[in-house]
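*Asks:* Compute the structure for the input listed below.
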Amino acid sequence: MKQLTHFIQNHFLFLWLLLTATIVSVYYALTLPVSFDEACTYILFTREGLAETVTNYPAPNNHVFFSILTGISNNLPFGNLLFKIRLTSIVINILTLLALYKFAVTFFSRNFGLLLVGLYSGLFLTVYYSYMARGYGLVTLLFIGCLYYTFKIIDGDENRKNFLFFGLFSVIGLYTIPTFIYPIISLSVYIVFVKRHLFWTQFKVGFGIFLTSILLYAPIIYNCGLNSIISNLYVKPMGFIPTLKSIPVYPLLAIQEITGIHWLIVIAICSLSLYFIWKSKERRAIFFVVVMILTPLILIVIQRVNPYARVFNYCSIVLLLLVLMPYKTTIDKLKLSYMFPLLLVIQCVSLFNFETKILAYEDKDWGLNITSDKIIKKIQGNHHYYTNGNLIFYNLKFDLISNGFTNYKIAEEKGKNVSADTLPYDYSIIGLDFDKTKSKKPLYKTRYYNVYSGN
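*Replies:* Okay, the predicted model is just below:
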């Protein structure tokens with residue numbers, strides 16, 4: 001009991017950050033509608049059970065290890081369907097903040113950890129994936145695990161245990177999303193840059209990670225083919241020269257999406273910090289920043305793709321370390337009485353930033369989340385529906401399942417010109433590009449599709 005009291009007294013501000021971040025996660029988990037990717041995850045994998053999750057990979061929506069975890073939370077005896085699968089991300093976010101604080105206190109200081117957690121917890125995609133039932137929050141947690149053991153190795157603790165845990169977190173990361181290869185390679189390069197005598201050790205660790213991951217993915221490879229996990233049908237190869245030309249713009253837009261802050265502001269702050277790091281001539285810090293920034297860029301040029309920005313959400317940790325490291329001495333001198341109002345301002349500004357951006361962010365890509373939710377609530381029931389290739393199918397089906405409807409039918413035809421004048425369905429949802437309706441007037445109309453009633 002004394003140890004608990006001592007911990008609370010010494011880490012009160014962190015516990016406050018943890019509590020407020022969790023309240024925010026729960027609030028958005030309860031108030032924002034299901035996203036297309038969440039609906040797909042549930043319908044294709046979580047609901048189908050463990051066997052389907054570990055053997056089927058029809059699309060990159062299957063973040064396998066995360067889907068396994070949602071299968072567990074889906075069986076909880078409380079909460080509605082959406083909250084149960086989102087609870088996985090809420091718990092992961094709590095563990096992420098704990099791990100980040102532990103990392104910062106171990107290798108920097110308590111004040112450094114408070115600022116790092118305060119800033120990280122308010123970034124746009126951090127808040128987004130703190131409740132969204134997707135695997136990107138888990139990827140960040142596993143990256144912090146790899147980063148922790150990387151720093152231990154760099155600090156001279158070359159115990160086999162540290163390499164083992166580095167490998168363990170790497171394997172789980174790859175089994176969550178194959179793009180976890182980016183942080184694995186980046187951290188491995190950093191280890192070898194600083195500790196060149198560890199080249200063969202790290203090579204053996206990497207080979208072990210590769211073999212273990214192949215074994216875990218073996219059922220999927222057998223069932224769906226190797227290409228299912230090493231390519232993304234939604235991310236088309238661009239060619240070497242076009243990818244190279246995209247480099248100045250792509251990272252800036254990715255940074256803007258990850259942080260929720262205009263890239264000009266982020267780059268200005270990072271550039272100043274980078275100058276001070278370079279001026280300090282701290283070899284490890286310089287290597288860390290250079291390797292962690294350049295390695296992913298080199299890899300995407302080699303792959304000739306521009307992945308979704310969320311793939312690099314883990315880089316938010318790298319950016320924040322870059323921003324804070326030059327000022328560690330100053331940060332350590334701050335009294336806790338000054339830290340509290342500073343952290344409060346950071347959280348308030350971050351929450352306001354998220355609140356002003358989230359509706360627009362959720363309503364892009366065919367308006368599948370906010371707009372679709374409003375429409376689905378008005379037409380849900382034990383009806384016969386028709387859709388012609390727009391992705392609202394998954395949002396609609398998820399809502400029908402979660403609200404207990406069992407006698408519905410959904411007919412789906414992809415990319416077909418059609419007229420609602422002749423369709424015999426209770427409700428027809430037709431993409432604007434394929435809508436040839438002449439007589440009927442839409443019951444509801446969006447930027448992407450029309451909804452017709454059969455009456």
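*Asks:* For stretch 148-160, report the contacting residues that lie outside it.
*Replies:* 99, 102-103, 106-107, 162-163, 165-166, 169, 187, 190-191, 194-195, 198, 201, 284 (CB atoms under 8 Å, 6 or more residues apart in numbering). No exception for glycine: its C-beta is placed from N, CA and C like everyone else's.
*Asks:* Generate a PyMOL selection restricted to the buried entries among those residues.
*Replies:* The following PyMOL line selects those of these that are buried, judged by 16 or more other CB atoms under 10 Å:
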select buried, resi 99+103+107+162+163+165+166+169+187+190+191+194+198+201
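*Asks:* Go through the contacts of stretch 148-160 and flag which are in helices.
*Replies:* 99, 102-103, 106-107, 162-163, 165-166, 169, 187, 190-191, 194, 201, 284 (DSSP state H).
*Asks:* Closest to Thr53 out of those residues?
*Replies:* Phe169 (20.5 Å; CB to CB).
*Asks:* who's in contact with the spatially closest residue to that closest one that is not a sequence neighbour?
*Replies:* Closest residue to Phe169 in three dimensions, ignoring its sequence neighbours and counting by CB to CB, 6 or more residues apart in numbering: Gly145, at 3.8 Å. Gly145 makes contacts with Ala99, Phe165, Phe169, as judged by CB under 8 Å, 6+ apart.
*Asks:* Which strand or helix spans Gly145?
*Replies:* Using DSSP states H and E, Gly145 maps to helix 136-154.
*Asks:* Now do stretch 76-85: everything it contacts.
*Replies:* Contacts with stretch 76-85, where a contact means CB under 8 Å, 6+ apart, come from 29-30, 34, 38, 41-42, 46, 70, 73-74, 87, 133, 398, 401-402.
*Asks:* shaky segments in the stretch 101-250 of the chain?
*Replies:* Residues of the stretch 101-250 of the chain that meet the criterion pLDDT under 70 lie in 232-235.
*Asks:* pretty sure Pro33 contacts Leu368?
*Replies:* No: assessed by CB atoms under 8 Å, Pro33 is found out of contact with Leu368, at 9.5 Å.
*Asks:* what is in contact with these two at once?
*Replies:* Contacts common to Pro33 and Leu368, judged by CB under 8 Å, 6+ apart, are Asn395.
*Asks:* higher neighbour count, these two?
*Replies:* Comparing Pro33 with Leu368 by other CB atoms under 10 Å, the one with more neighbours is Leu368, at 24 against 20.
*Asks:* The residue nearest to the more buried one when sequence neighbours are not counted: neighbour count?
*Replies:* Across the structure, with CB to CB, 6+ apart as the measure, the residue nearest Leu368 apart from its sequence neighbours is Phe36 (4.3 Å). By other CB under 10 Å, 20 other residues sit near Phe36.
*Asks:* how close does Phe36 sit to Asp363?
*Replies:* 12 Å (CB to CB, to the nearest Å).
*Asks:* and what of Gly208?
*Replies:* 44 Å.
*Asks:* Find the centremost residue of the protein, please.
*Replies:* The residue lying closest to the centre of the chain (CA atoms, centre = their mean) is Tyr136, at 2.4 Å.
*Asks:* List the contacts of it.
*Replies:* His63, Leu125, Tyr129, Ile177, Arg310, Val311, Asn313.
*Asks:* In contact with the third one, which residues?
*Replies:* Counting by CB under 8 Å, 6+ apart, Tyr129 makes contact with Ser89, Asn93, Tyr136, Gly137, Thr140, Arg310, Asn313.
*Asks:* With the second one instead?
*Replies:* Taking CB under 8 Å, 6+ apart, we find Leu125 in contact with Tyr136, Glu257, Ile258, Thr259, Gly260, Ala309, Arg310, Asn313, Ser316.
*Asks:* Let's see that with 6 Å instead.
*Replies:* Shown in contact with Leu125 (CB atoms under 6 Å, 6 or more residues apart in numbering): Ile258, Asn313.
*Asks:* and it, what helix or strand is that in?
*Replies:* Per DSSP H and E: helix 124-128 holds Leu125.
*Asks:* got the CA positions of that helix in PDB?
*Replies:* Provided in PDB are the C-alpha atoms of helix 124-128 (Å, rounded to 0.1, in the frame of the first residue of the first chain):
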ATOM      1  CA  PHE A 124      -4.700  13.700 -34.300                       C
ATOM      2  CA  LEU A 125      -4.100  10.000 -35.200                       C
ATOM      3  CA  THR A 126      -3.200   9.100 -31.700                       C
ATOM      4  CA  VAL A 127      -6.700  10.200 -30.500                       C
ATOM      5  CA  TYR A 128      -8.300   8.600 -33.600                       C
END
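*Asks:* how about it: buried residues?
*Replies:* Buried residues in helix 124-128 (16+ other CB under 10 Å): Phe124, Leu125, Thr126, Val127, Tyr128.
*Asks:* One more: stretch 379-388?
*Replies:* Here stretch 379-388 shows Ile379, Gln380, His383, His384, Tyr385, Tyr386, Thr387, Asn388 as buried, counting by 16+ other CB under 10 Å.
*Asks:* Please apply the same query to stretch 255-265.
*Replies:* Per 16+ other CB under 10 Å, stretch 255-265 contains these buried residues: Ile255, Gln256, Glu257, Ile258, Thr259, Gly260, Trp263.
*Asks:* ok, the residues you listed vs Cys270, which is closest?
*Replies:* Nearest to Cys270 among these, with distances taken as CB to CB, is Ile255, at 8.6 Å.
*Asks:* The closest one should be in a helix, yeah?
*Replies:* Yes: counting by DSSP: H, G, I helix; E, B strand; the rest coil, Ile255 is found in a helix.
*Asks:* quick one: contacts of stretch 188-197?
*Replies:* Counting by CB under 6 Å, 6+ apart, Thr150, Ile153, Ile154, Leu198, Phe199, Gln202, Gly206, Arg284, Phe287, Phe288, Val291, Thr295 sit against stretch 188-197.
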